[in-house]
Each structure stands twice: as C-alpha cells, then as structure tokens.
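Undergrad: Quick one: sequence plus predicted model below, questions after.
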Amino acid sequence: MMASSIHRTVDAIWRMEAAKIIAVLTRMVRDVGIAEDLAQDTLIVALEKWPETGIPDNPGAWLMTAAKRRALDYLRRDRVLGRKYEEIGREMDMRQQDQEYDAVVEEDIGDDLLRLIFMTCHPLLSSQARVALTLRLLGGLTTVEIAHAYLVPEPTVAQRIVRAKRTLAEARVPFEVPQAPELKGRLSSVYEVIYLMFNEGYSASSGENWTRPLLCKEALRLGRILAEIVPSESEVHGLVALMEFQSSRLRTRVDSSGEPILLMDQNRAQWDQLLIRRGFAALERAGRIPGALGPYSLQASISACHARARTPSETNWIRIAALYEALAQAAPSPVVELNRAVSLAMAFGPEVGLEIVDALALEPALKEYHLLPSVRGDFLMKLGRVQEACEEFKRAASLTSNARERVMLLKRASDCVTESESEMGTE
C-alpha cells in the first residue's frame, strides 16, 4: 500500500479505536489530558511504523497494547505515581509481545468507556465545554472539525478543551460511574450532551448550511455506544430511537442546492429504511423496560408516527397530539407546547393551534425564538390572514441566525405578498 493510503487507513482505524484507548489510559493514569497525550503519541508511532511494516492483522489490539506500554513508561518516570505503578504492575505484565494482542481485544472496556462519558459530560463543565470535550475524546474529531461543525474559531475550541481538561484535573474528578443516587441525574446530563450535538447537526442554529450531518453521525454513534453499556436504561434506547428516526430523513431535508425542505414536502421514498428499522428496534427495547416512557422515548414515538406514514396525509396527527400532551406532562417547556400547538392544528384545524400560540407569545423564553412567529405565520396563512402571516414570516427571518432558514422564511413572506396581490386582483 502507498504511504498516503496507509495514513488514510490509520486515520479510519483511529476514529474507531481512539475512545476505547483513551478510556483505558484514563483509568491507568487518572488524568484525561495525559491519557489523550499518550494516545496521540501511540497514533504517531503507528503512522511512523505501519508504512514500513504494514498494518497489523489486529490494528485495534496493536494500538491498545502500544498505548498501555506508553502509559506504564509514563508511570515509571513519574515518581509521584510510583506506588500506583507498582499496583498496576502487579495486575498486568505488558512486556509480552504480539501474542498478547488477541487477549487485549477480549478485555471488557465497556465500563471504562462509560466512565469516560461521565467524565467528559461532568456538570462542572459548561455545556459548550462538555460538547467539545466529548466530540474530541469520544467522537475522535479534531479541533478543526469541531470548529467547522460549530462555526467557531479553532483556537476557541482548543481553549475550551484545554480548560475542560484542566478543570477536571484540578477538581480531581474521579474516573468512575456515579453511585445509584446520583446516576440518574448524571445520565440525564450525558443524554443532553449527545442530543445537543445531534440537534445542532439536524437543524444548525447558524451558518450557511441547514444541516451538519457529521454532528448527527457522531451523536448517533455515541448514543449507540451508550446503549450497549447501559442497556437497562429505557431512556438511552429512546434517545437512540429518536436519533435513528430523524437521521433517516437527513438526505431529504435539503435539496441539491442546500435549500431546506420541510417535513411535509420531503420525498418519503428516499427516507433511509435501515435507520427507520433501527429506530423501531430501539424504541421497542425502550418499551420492554418497566416504567413510563421518558421524554426521549416519547419524542421517538412521535418520530415513529411520521416514519409509519407513507404520505403526509396518512400521518396520525391525533396520536402525535396525544404524545405531545404526555411529553408536556413529563418534561413541560414552552417549546414542547409550541410543538403541541402544531400537532393540534394539523389534527383539528389552524384556529386551535393559533389559540395556543397566541398564549405562548407572552412566554419570556420564546421572545427571541424564531419558530414561534414562523409557526404563527403558517397558521395565519392557512386561515387566510395573509398580511399578518407575511409580517410573522419576516419577524421569524429576522430572528434566525441560519442563512438558509432566513432565505426560506423570506420566501414564505414573499409568497404571502404574491398571494395577497393575486386575491386583490380577483376582487
């Protein structure tokens, strides 16, 4: 193989193995920053050696073994951690050669991955820092890729990651799964971080593109990993199901020029059926676990209604409205109420939805939320109140930071004017 081809292969392997390696190294050295440095050193060794020797039969095990050896070398050099090295040294002898590689792969590292997820999503860190650190250590993304995904300068992302590692180290955050009383709350934080990533990819809050598939892909991958290491938690399967269903529509959310396509206008024949099947399977797993469905499972159930409908007219809006009612009980918020208004309008008419939206206009949390005037404009348009609808679409366009969405909303406002002039011409 050419060196450039090997480098691409190494990069792909690293994306798959990095999180596991960093998790194991963090357990060994008890510092996530040092663990990442050691992991990167291992990657450099692979990039130097493999073009000469060829890629090993079991590259993941090779990387894991080499990384552990580097960790032990580090512990030997660090006299402060000398006692810790002696403890680890009694547990494993890393001086054996390639015959150990197969055994390395068989090690159960699920617990270490779970500990790493809890560490990167620790409440001590800001939401932005949690997302950046999780994408870096568990998603394997570079700072350049994270900066590009979130449309922020690369130095900003790098600083967030450095500060996050320093905060965790200075606070001596333990590399452990929280105990039962704290576990549920901390898991909620992990779910939130993963879904924040996904949402930013599904409907980008700013920039020139309406979707950022890379973020959706990485969030879904992390969700699937989490579902395998905490399989008894219903909500993790609900979260995965929700992301599977929504990912199935990604390629139909924009046209060939990148312009947004709304749900009711999408070509459902092009929805990814494999992801839809995976979504139903995950939702079924969530339902088999005792207890009421949580917010993510309820949202997944709503997405499942859309997945079942072969055409927009077949959508069971009454069931969706009922599910939003349940979601409003489980996780009340103005945004949930806005979505409930949409479902009720689709089920029973726009005047029903408009009544709820008008009440939401007084909500401080929605004052600058562009989807409130967008939804209100849609209801007004359907009720024939064209001029009012036009103003609402213009207001929505002024509030969004996404260029593609702004163009779409201004077009809707322009369409209102055209329709209004057409009606005046027929009078």
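TA: Nice, thanks for sending it over. Fair warning: this is a prediction, and the values are worked out from it, not measured in the lab.
Undergrad: Would you confirm that Cys121 contacts Ser189?
TA: Yes - counting by C-beta atoms under 8 Å, Cys121 does reach Ser189; the two are 5.2 Å apart. Using the backbone N, CA and C atoms, a C-beta is placed for each residue, glycine as well.
Undergrad: From the neighbour counts alone, determine which of the two ranks first.
TA: The neighbour comparison of Cys121 against Ser189 (other C-beta atoms under 10 Å) goes to Cys121, with 24 against 17.
Undergrad: In this structure, which helix is the longest?
TA: Longest helix of the chain, by residue count under DSSP state H: helix 3-29.
Undergrad: thinking again about what came up before, now do the shared contacts for Cys121 and Ser189.
TA: Arg130 (C-beta atoms under 8 Å, 6 or more residues apart in numbering).
Undergrad: that older thread, mind listing what's buried in the longest helix of the chain?
TA: By 16 or more other C-beta atoms under 10 Å, the buried positions in helix 3-29 come out as 6, 10, 13-14, 17-29.
Undergrad: Give the next helix or strand downstream of the helix or strand bottoming out on mean pLDDT in the chain.
TA: One helix or strand of the chain scores below all others by mean pLDDT, DSSP states H and E: helix 101-106, with a mean of 41. Per DSSP states H and E, the first helix or strand lying C-terminal to helix 101-106 is helix 110-120.
Undergrad: which other residues reach the strand or helix carrying Glu192?
TA: For Glu192, the host element (DSSP H and E) is helix 180-202. By C-beta under 8 Å, 6+ apart, the surrounding residues in contact with helix 180-202 are 117-118, 120-123, 127, 130-131, 134-135, 149-150, 177-178, 211-220, 222-223, 226, 230, 233, 235-236, 239, 242-243, 246, 250, 253, 296.
Undergrad: which of these are buried?
TA: Buried members of these, counted by 16+ other C-beta under 10 Å: 117-118, 120-122, 130-131, 134-135, 149-150, 177, 211-220, 222-223, 226, 230, 233, 235-236, 239, 242-243, 246, 250, 253, 296.
Undergrad: phi, psi of Asn402?
TA: phi -90, psi 120 (degrees, to the nearest 10).
Undergrad: Val254 now?
TA: Main-chain dihedrals, Val254, degrees, to the nearest 10: phi -140, psi 150.
Undergrad: check contacts around it.
TA: Val254 is in contact with Asn209, Trp210, Thr211, Pro260, Ile261, Arg404, counting by C-beta under 8 Å, 6+ apart.
Undergrad: Farthest-apart pair in the residues you listed, please.
TA: Maximum pairwise distance among the contacts of Val254 (C-beta to C-beta): 13.5 Å, between Asn209 and Ile261.
Undergrad: What residues of the helix holding Glu192 count as buried?
TA: Of the residues in helix 180-202, 186-187, 189-202 count as buried by neighbour count, 16+ other C-beta under 10 Å.
Undergrad: quick check: angle from the helix or strand following the longest helix of the chain to helix 3-29?
TA: Using DSSP H and E, the helix or strand that follows helix 3-29 in sequence is helix 32-53. Relative orientation of helix 32-53 versus helix 3-29 (axes from the mean of the first three to the mean of the last three C-alpha atoms, to 10 degrees): 150 degrees.
Undergrad: returning to that earlier point: give the rounded mean pLDDT of the next helix-or-strand element following the helix holding Glu192.
TA: Where DSSP H and E defines the elements, the next helix or strand beyond helix 180-202 is strand 206-207. For strand 206-207, mean pLDDT rounds to 74.
Undergrad: Parallel or antiparallel, which strands does strand 206-207 pair with?
TA: Next to strand 206-207 in the sheet, as set by DSSP bridges, lie strand 401-402 (parallel).
Undergrad: From the chain's centroid, how far away is the strand it pairs with?
TA: 19 Å (C-alpha atoms, centre = their mean, to the nearest Å).
Undergrad: before we move on, what about stretch 153-170?
TA: Centroid displacement of stretch 153-170 relative to its chain, using C-alpha atoms, centre = their mean, is 20 Å.
Undergrad: Stretch 179-186 too?
TA: With C-alpha atoms, centre = their mean as the basis, stretch 179-186 stands 21 Å off its chain's centre.
Undergrad: So what's the model's average confidence on that stretch?
TA: Stretch 179-186 comes out with an average pLDDT of 79.
Undergrad: Repeat that for stretch 390-404.
TA: Computed over stretch 390-404, the mean pLDDT rounds to 94.
Undergrad: Give me the buried positions along it.
TA: Neighbour-count burial for stretch 390-404 [16+ other C-beta under 10 Å]: Cys390, Glu392, Phe393, Lys394, Arg395, Ala396, Ala397, Leu399, Thr400, Asn402, Arg404.
Undergrad: Mind putting those into JSON lines with distance to Arg268 and secondary structure?
TA: Converted to JSON lines, these look like this (distance: C-beta to C-beta, whole Å; DSSP: H, G, I helix; E, B strand; the rest coil):
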{"residue": "Cys390", "distance to Arg268": "30", "secondary structure": "helix"}
{"residue": "Glu392", "distance to Arg268": "28", "secondary structure": "helix"}
{"residue": "Phe393", "distance to Arg268": "26", "secondary structure": "helix"}
{"residue": "Lys394", "distance to Arg268": "31", "secondary structure": "helix"}
{"residue": "Arg395", "distance to Arg268": "31", "secondary structure": "helix"}
{"residue": "Ala396", "distance to Arg268": "26", "secondary structure": "helix"}
{"residue": "Ala397", "distance to Arg268": "28", "secondary structure": "helix"}
{"residue": "Leu399", "distance to Arg268": "30", "secondary structure": "helix"}
{"residue": "Thr400", "distance to Arg268": "26", "secondary structure": "coil"}
{"residue": "Asn402", "distance to Arg268": "24", "secondary structure": "strand"}
{"residue": "Arg404", "distance to Arg268": "21", "secondary structure": "helix"}
